[in-house]
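1. got a predicted model here, sequence first, then my questions.
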Amino acid sequence: MQETSTSDTWMPLRVARKQSVAQDIVLFELTHPDAKPLPEFTPGAHITVQVPNGMRRSYSLCSLPSDTHSWHIAVKRDARGRGGSCSMVDTVQEGDLLPTLPWANLFALQDNAASYIFVAGGIGITPILSMVRHLLGQGQDNFKLYYCSRDAASTAFMQELSAPELAGKVHIHHDYGDLAQAFDFWPVFERPQNAHVYCCGPTGLMDSVRDMTGHWPTERIHFESFGAAQTAFADNSAFDVVLNKSGERVQVPANLSILDALRACGHSVSSSCESGTCGSCRTGLLAGQAEHRDLVLRPDEQARHIMVCVSRARTPELVLDL
Ligand code: FES
């Protein structure tokens with residue numbers, strides 16, 4: 001399900017508060033620059049932000065959706081990423097104006113479900129937290145949250161989620177970076193229940209939940225995957241793209257996306273999330289083999305399309321339908 005608010009223009013939001021909430025995780029509280037109310041959003045929604053280095057990044061809103069005074073996002077600084085999170089965490093300061101696009105929701109909470117099972121890994125807690133806050137705000141306690149993280153120091157919002165009123169609702173599990181200590185979800189998912197499952201976290205966690213819920217009705221299993229396409233790019237290599245309509249050849253260096261390389265040469269390609277999740281930069285692929293890093297294309301689409309914001313090449317050149 002996709003939901004969006006009505007406007008599609010950039011809106012500057014004021015950074016009213018910047019606060020460390022765990023190791024390498026920083027909370028930004030955003031308000032309207034003229035102190036006007038912000039739109040209500042729906043649980044699981046995200047906003048796209050233009051970070052100071054010019055990149056666009058999508059961040060889940062983690063505050064109470066009905067709170068129109070401010071929106072909260074939390075950003076994990078990833079030194080191995082492409083620079084967006086470091087630019088946010090290192091450069092943005094309280095009082096700054098941050099260009100944002102209106103909220104959208106690719107991870108919407110099903111209303112009136114019999115119950116909910118939430119699974120969050122690391123920074124993946126952010127959309128789940130807006131869902132938990134929403135349900136609690138509605139007086140609903142028909143949920144259980146499994147929150148996996150490395151250790152206490154890296155666990156954002158631990159104090160709030162460990163509050164006595166959430167006892168029995170929230171299970172926080174630390175694996176201390178040891179796969180052998182990963183939480184065993186099989187007892188949770190072995191018997192399908194009349195619940196909707198929402199999972200957000202690292203690829204390994206989502207794959208594990210996907211595997212263990214294969215016998216559940218697919219419409220009751222929901223995944224959010226920001227950041228999954230942005231990890232471990234240290235081994236990128238350069239390649240060329242050829243624009244089929246003009247024959248122009250554009251070099252894509254290891255430290256730039258195809259999208260950024262095209263822009264640097266004056267070409268305009270639609271984009272929004274720039275993290276491989278929204279689908280707006282879909283481009284025809286006419287020749288060459290892509291290394292798909294997005295979370296949008298189906299396997300049957302991958303031979304003829306590429307998401308140029310994150311994906312790269314397995315061959316020395318790609319020919320694009322541009
Ligand atoms: S801009 Fe969203 S998938 Fe590329």
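-> That came through, no problem.
2. tell me the secondary structure of Tyr198, please.
-> Secondary structure of Tyr198, reduced to three states by DSSP: H, G, I helix; E, B strand; the rest coil: strand.
3. how about the residues of the stretch 201-322 of the chain by the ligand?
-> The stretch 201-322 of the chain has residues 271-274, 276-281, 294, 296, 307, 309 near the ligand, with proximity defined as Cβ under 6 Å from any ligand atom. C-beta: built from backbone N, CA, C; applies to glycine.
4. which among those residues end up buried?
-> 271-274, 276-279, 281, 294, 296, 307, 309 (16 or more other Cβ atoms under 10 Å).
5. okay, and which of the residues you listed map to strands?
-> Counting by DSSP state E, the members of these that fall within strands are Met307.
6. save the buried ones among the residues of the stretch 201-322 of the chain next to the ligand as CSV, and put in distance to Asp141 and pLDDT too.
-> Formatted as CSV, the entries for these read as follows, by distance: Cβ to Cβ, whole Å; pLDDT from 0 to 100:
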residue, distance to Asp141, pLDDT
Ser271, 40, 82
Ser272, 35, 77
Cys273, 33, 76
Glu274, 37, 79
Gly276, 35, 82
Thr277, 31, 79
Cys278, 33, 79
Gly279, 35, 84
Cys281, 41, 92
Asp294, 37, 85
Val296, 35, 82
Met307, 39, 94
Cys309, 39, 91
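7. chain center to stretch 12-28: distance?
-> Relative to its parent chain, stretch 12-28 has a centroid offset of 16 Å by Cα atoms, centre = their mean, to the nearest Å.
8. just checking, Asp78 touches Cys86?
-> Yes: Asp78 sits in contact with Cys86 when judged by Cβ atoms under 8 Å, with a separation of 7.3 Å.
9. before we move on, back to that, and of the buried ones among the residues of the stretch 201-322 of the chain next to the ligand, the nearest to Gln193?
-> For those, the residue nearest Gln193 by Cβ to Cβ is Thr277; the value is 28.1 Å.
10. now that closest one: closest residue in space that isn't a chain neighbour?
-> Closest residue to Thr277 in three dimensions, ignoring its sequence neighbours and counting by Cβ to Cβ, 6 or more residues apart in numbering: Leu295, at 5.2 Å.
11. separation between that neighbour and Leu285?
-> 17 Å (Cβ to Cβ, to the nearest Å).
12. which residues of the chain fall in helices?
-> In the chain, the segments counted as helices under DSSP state H are 84-91, 125-137, 158-161, 186-189, 203-212, 258-264.
13. burial-wise, tell me which of these comes out on top.
-> Most buried of these, by mean neighbour count (mean count of other Cβ atoms under 10 Å): helix 125-137, with a mean of 24.
14. so what does it touch, helix or strand wise?
-> Judged by 3 or more Cβ pairs under 8 Å, 6 or more residues apart in numbering; DSSP states H and E, the packing partners of helix 125-137 are strand 56-60, strand 71-76, strand 116-121, strand 143-149, helix 158-161, strand 196-200.
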